[in-house]
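[1] just coords:
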């Protein structure tokens, strides 16, 4: 799940860099990272419930993209955005501990 989530961050960031898929290099990285991210997610779904796997995958991607946006792209770091990220992480933890696997 962790690597699937990290690849989601990679494809989100490279999609931004692709400028609407007008730049071939980042566009290719986006597509390749998507394929591997989805592939790893599908492997995780063999042993995790759908809701748990998908929530963790999207949560890692959302928080990771949030961090990349701030650190790499200079996006705003506000208390409200940090609170939102903390709520996402809290939801991930709760979803994982409530999962029977």
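    Structure's in. What do you need? Here the structure is a predicted model, which means the values were calculated and not measured.
[2] got any ranges where this structure has weak pLDDT?
    101 (pLDDT under 70).
[3] So which residue is dead centre in this structure?
    Nearest to the geometric centre of the chain sits residue 61, at 1.1 Å (Cα atoms, centre = their mean).
[4] Not counting sequence-adjacent ones, nearest residue to it?
    Leaving out its chain neighbours, the residue that sits closest to residue 61 by Cβ to Cβ, 6 or more residues apart in numbering is residue 8, at 3.3 Å. C-beta coordinates here come from the backbone N, C-alpha and C atoms, glycine included.
[5] ok, how many other residues are close to the one you found?
    By the criterion of other Cβ atoms under 10 Å, residue 8 has 25 neighbours.
[6] just to revisit the earlier point, now do the same contact list for the residue nearest to the centre of the chain.
    Residues near residue 61 by Cβ atoms under 8 Å, 6 or more residues apart in numbering: 5, 8-9, 12.
[7] again, only this time at 10 Å
    4-12, 37 (Cβ atoms under 10 Å, 6 or more residues apart in numbering).
[8] Give me the buried subset of those residues.
    The neighbour count (16 or more other Cβ atoms under 10 Å) marks 4-5, 7-12, 37 as buried among those.
[9] how about these, which pair is most distant?
    Spatial extent of the buried ones among the contacts of residue 61 (Cβ to Cβ) is set by the pair 4 and 12 at 12.9 Å.
[10] Which of the helices or strands spans residue 96?
    Element membership for residue 96 (DSSP states H and E) is helix 79-97.
[11] Now do that helix: which elements does it pack against?
    On a contact count with 3 or more Cβ pairs under 10 Å, 6 or more residues apart in numbering; DSSP states H and E, helix 79-97 meets helix 50-71.
[12] List the buried residues of the helix it packs on.
    Within helix 50-71, the residues that qualify as buried are 52-53, 55-57, 59-66, 68-70, counting by 16+ other Cβ under 10 Å.
[13] And stretch 16-34, by the same measure?
    If you call a residue buried by 16+ other Cβ under 10 Å, then stretch 16-34 has these buried ones: 16, 18, 26-27, 29-30, 33-34.
[14] Adding distance to residue 99 and secondary structure as columns, could you present those in a markdown table?
    Shown next, in a markdown table, are the buried residues of stretch 16-34 (distance: Cβ to Cβ, whole Å; DSSP: H, G, I helix; E, B strand; the rest coil):
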| residue | distance to residue 99 | secondary structure |
| --- | --- | --- |
| 16 | 31 | helix |
| 18 | 34 | coil |
| 26 | 35 | helix |
| 27 | 35 | helix |
| 29 | 32 | helix |
| 30 | 30 | helix |
| 33 | 26 | helix |
| 34 | 25 | helix |
